[in-house]
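K.L.:
After the sequence you'll find the predicted model.
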2 protein chains.
Amino acid sequence: MMQSQLELRHLKTLLALAECGSVSQAAKRVFLTQSALSHQLKALEEAYGLALFERKTQPLRFTPAGERLLALARDVAARVTQAERDLARLREGEAGELRIAVECHTCFDWLMPAMDAFRQHWPAVELDIVSGFHADPVGLLLTRRADLAICSEAEPQDGVVYQPLFAYEMVLIMAKDHPLAAKPVWQAGDLADETLIHYPVPDVMLDLVRKVLKPAGVNPARRTSELTVAIIQLVASRRGVAAMPFWAVKPYLDRGYIASARIGDAGLQSELYAALRQDDAELAYMHDFLHTVREQSFATLPGLSVLA
Amino acid sequence: MMQSQLELRHLKTLLALAECGSVSQAAKRVFLTQSALSHQLKALEEAYGLALFERKTQPLRFTPAGERLLALARDVAARVTQAERDLARLREGEAGELRIAVECHTCFDWLMPAMDAFRQHWPAVELDIVSGFHADPVGLLLTRRADLAICSEAEPQDGVVYQPLFAYEMVLIMAKDHPLAAKPVWQAGDLADETLIHYPVPDVMLDLVRKVLKPAGVNPARRTSELTVAIIQLVASRRGVAAMPFWAVKPYLDRGYIASARIGDAGLQSELYAALRQDDAELAYMHDFLHTVREQSFATLPGLSVLA
DNA sequence: CTACAATCATGAGGCAATTTCATTATTTTA
DNA sequence: TAAAATAATGAAATTGCCTCATGATTGTAG
């Protein structure tokens, strides 16, 4: 007994498990196999001679013992993170500059909370948003008008490195009484006679157009709006359909304002990357910002998946 | 960079290092080799890109970065210990009985603080001391009049297990103006014409008599006293010499009240073990008590060494 | 109710991280 | 200044963790 010593790795596993509710999902979160986590948890339970979870349920439930260890994990993880931030500041100093270029409207939903959290930890880093929806946010990086760019593809470019943030599914939303509202999966052709409502940005920045409609030669009517809530309202009022991140529309779906459908049989997967200048790639506050974004986003947005 | 993830193992190493002041001593404390710790610390420093210690000094000093990690270690270690205690209570319940048989007078010096700390953590465990200085404390165990016995030797016995506590050196103390006060090492023969002052216990419980004088056939005059301070006073008043644990007399040596000498060329090493009934050997509160004793003792008594 | 999909458990085997060993370098002490 | 103690280093060895492959179990759809 007590053969395997408790390690931070175990606590991180517990945190992932609590967030994901299943061993296999948690495994993806910590970049290990389901098997690895299963072994790890079994070892933990044997070490303490206590059941830590009830596995027969979905999502799995923690026993009181499991809850106690989970509380330790939350507590310790926060302290470790804080200590490592302090070390990074000792190494690189407190100050820096972080101007963020954003090309997607919905990004603000997760960007704002992340920036708020980051500001607490790095008060001396100058945070800024480079607004205006540029077709080429990476260009801003190289011309030093921004230090970090959010983008949906990692096109290799000299002097630029890409850090994966997360992936999610874009769903099609429509009025609840739309004739095709019951159809669980829409194909490109189903959109031919619809009005597509989207943000006022170039087509290359619209995943639905770029990855689905254009390849299929489908070209529906268009209408634009700046605000997410406005788009939702237009959709609910049968003025058209829109493609939105699942996490952005889930609250409206839950309340029954609108209906949603998968786009194509496999669904339309979107990815988000952060682009940085190679020189900045090792800066601690950059890493910490990206870490904060992932942590905040996974904790608050439903349906996210990890991105290698 | 950041190749090796921080683990609790590293934090434990830091704690040992802070307590011992040297890598090789710390290595003994955590039951690893000096080399292992050296590699470990180097990896830590490389992972954070920071020097954590100044090695050119004795005892070694922590840099600000090292201090920060050390603070994390103290903080986290305490929380982990507390959580594991809670788990143990979930597993085995809060209550229990812990009657301690003690055969050595000085033991009370470290036993009392340890019992105080333990009482905080296990309020429902009935703590008691079985007093009277029995020649056979292990007998009390088997007759169930005690649950734990402190003893200086681990004589194998059926149904009894021994847990090492710590080891220390017994030194000879004498008046500062004693003719042999400058002699750094005393041999058995040097005691022939002295008066030996000791606690009123059987000879088998006096390491000096049992391990040194008897084998050499030396039989000095005797005098007894119950109290450590009284013995110190008698020694300082040139009424005789005494053998005492180094940690018990260090304060008096530092203040110059008495002088001390090593007993025999290798010194007289004493060891302390806790004896338990085999049935009780897995009880969490027993383990925790032993752990508390070691922790408290190493933290407060000078010159202790670990015991396999 | 059965079949399929998803999740979890388990044992064997591979591999990488950590430890030990052996040695050299450095610092402290006598 | 020599000797003793402590620390660093590289290579070898061990340990332990992870992955793979597979079987068991649970949940779900037809």
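P.N.:
Thanks, I have the structure now.
K.L.:
Count residues in the vicinity of the nearest residue to A:A216 once chain neighbours are set aside, would you?
P.N.:
Spatial nearest neighbour of A:A216, chain neighbours left out: A:A188 (3.5 Å); criterion: Cβ to Cβ, 6 or more residues apart in numbering or on different chains. Yep, even glycine has a C-beta here, placed from its N, CA and C like the rest. Other residues lying near A:A188 total 18 when counted by other Cβ atoms under 10 Å in any protein chain shown.
K.L.:
what do you get for A:P245?
P.N.:
Neighbour count of A:P245, defined by other Cβ under 10 Å: 23.
K.L.:
need the contact list for it.
P.N.:
A:106, A:168-171, A:270 (Cβ atoms under 8 Å, 6 or more residues apart in numbering or on different chains).
K.L.:
And those, which of them are buried?
P.N.:
For the contacts of A:P245, a burial check counting by 16 or more other Cβ atoms under 10 Å in any protein chain shown picks out A:106, A:168-171, A:270.
K.L.:
could you redo those residues as a markdown table and give each row distance to B:H121, pLDDT and secondary structure?
P.N.:
Listed next are those as a markdown table, based on distance: Cβ to Cβ, whole Å; pLDDT from 0 to 100; DSSP: H, G, I helix; E, B strand; the rest coil:
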| residue | distance to B:H121 | pLDDT | secondary structure |
| --- | --- | --- | --- |
| A:T106 | 51 | 92 | coil |
| A:Y168 | 47 | 95 | strand |
| A:E169 | 50 | 94 | strand |
| A:M170 | 54 | 95 | strand |
| A:V171 | 53 | 94 | strand |
| A:S270 | 52 | 93 | strand |
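K.L.:
returning to that earlier point: just the closest of the contacts of A:P245 to DNA strand C, please.
P.N.:
Distance to DNA strand C across the contacts of A:P245 (Cβ to the nearest atom of the strand) is lowest for A:E169, with 14.0 Å.
K.L.:
and that closest one, what does it touch?
P.N.:
By Cβ under 8 Å, 6+ apart, the contact set of A:E169 is A:245-246, A:262, A:267-270, A:303.
K.L.:
rerun at 7 Å
P.N.:
A:246, A:267-269, A:303 (Cβ atoms under 7 Å, 6 or more residues apart in numbering or on different chains).
K.L.:
Check A:A181 too.
P.N.:
When contacts are counted by Cβ under 7 Å, 6+ apart, A:A181 touches A:174-175, A:259.
K.L.:
same check, this time on A:S22
P.N.:
By Cβ under 7 Å, 6+ apart, the contact list for A:S22 reads A:58-60.
K.L.:
just A:V185 next, same as before
P.N.:
A:V185 neighbours (Cβ under 7 Å, 6+ apart): A:261-262, A:265.
K.L.:
just A:V30 next, same as before
P.N.:
A:12-13, A:16.
K.L.:
Could you list the residues in contact with the strand or helix carrying A:H10?
P.N.:
Here A:H10, judged by DSSP states H and E, is contained in helix A:8-20. By Cβ under 7 Å, 6+ apart, the residues outside helix A:8-20 that reach it are A:23, A:26, A:29-30, A:37, A:40, A:44, A:69-70, A:72-74, A:76-77, A:80, A:298-299, B:6-8.
K.L.:
Would you mark the buried spots in stretch A:253-270?
P.N.:
Quick answer for stretch A:253-270 (16+ other Cβ under 10 Å): A:257-264, A:268, A:270.
K.L.:
Just the residues you listed: which are in strands?
P.N.:
A:258-263, A:268, A:270 (DSSP state E).
K.L.:
Which of the buried residues of stretch A:253-270 sits closest to B:F118?
P.N.:
The shortest approach to B:F118 among these belongs to A:S270, at 57.1 Å (Cβ to Cβ).
K.L.:
Just list whatever residues bridge to that closest one.
P.N.:
Counting by DSSP bridges, A:S270 is bridged to A:Y168.
K.L.:
My read is that it contacts A:L165, right?
P.N.:
No - with contact defined as Cβ atoms under 7 Å, A:S270 does not count as touching A:L165 (10.8 Å).
K.L.:
returning to that earlier point: rebuild the contacts of A:P245 as JSON lines, extending it with distance to B:V161.
P.N.:
Compiled in JSON lines, these are given as follows (distance: Cβ to Cβ, whole Å):
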{"residue": "A:T106", "distance to B:V161": "64"}
{"residue": "A:Y168", "distance to B:V161": "57"}
{"residue": "A:E169", "distance to B:V161": "59"}
{"residue": "A:M170", "distance to B:V161": "64"}
{"residue": "A:V171", "distance to B:V161": "64"}
{"residue": "A:S270", "distance to B:V161": "62"}
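K.L.:
Which member of the buried residues of stretch A:253-270 is positioned nearest DNA strand C?
P.N.:
Set against DNA strand C, the nearest of those by Cβ to the nearest atom of the strand is A:R262 (13.2 Å).
K.L.:
what sits against the nearest residue to A:E271 once chain neighbours are set aside?
P.N.:
Spatial nearest neighbour of A:E271, chain neighbours left out: A:A167 (4.7 Å); criterion: Cβ to Cβ, 6+ apart. By Cβ under 7 Å, 6+ apart, the residues touching A:A167 are A:269-271, A:305, A:307.
K.L.:
between these, which is closest to chain B?
P.N.:
Comparing those against chain B with Cβ to the nearest Cβ places A:L307 closest, at 19.3 Å.
K.L.:
before we move on, which element is that closest one in?
P.N.:
A:L307 belongs to no helix or strand, assigned by DSSP H and E.
K.L.:
give me the number of residues near the nearest residue to it once chain neighbours are set aside?
P.N.:
In space, and not counting its chain neighbours, A:L307 is closest to A:P164: 3.8 Å by Cβ to Cβ, 6+ apart. Using other Cβ under 10 Å, A:P164 is surrounded by 15 other residues.
K.L.:
quick one: the strands in the stretch 1-150 of chain A?
P.N.:
Here the stretch 1-150 of chain A has its strands, by DSSP state E, counting those that start in this stretch, at A:53-54, A:61-62, A:96-101, A:125-130, A:148-151.
K.L.:
looking at the ones you listed, which is closest to DNA strand D?
P.N.:
Across the strands of the stretch 1-150 of chain A, closest to DNA strand D is strand A:53-54 (Cβ to the nearest atom of the strand), at 9.7 Å.
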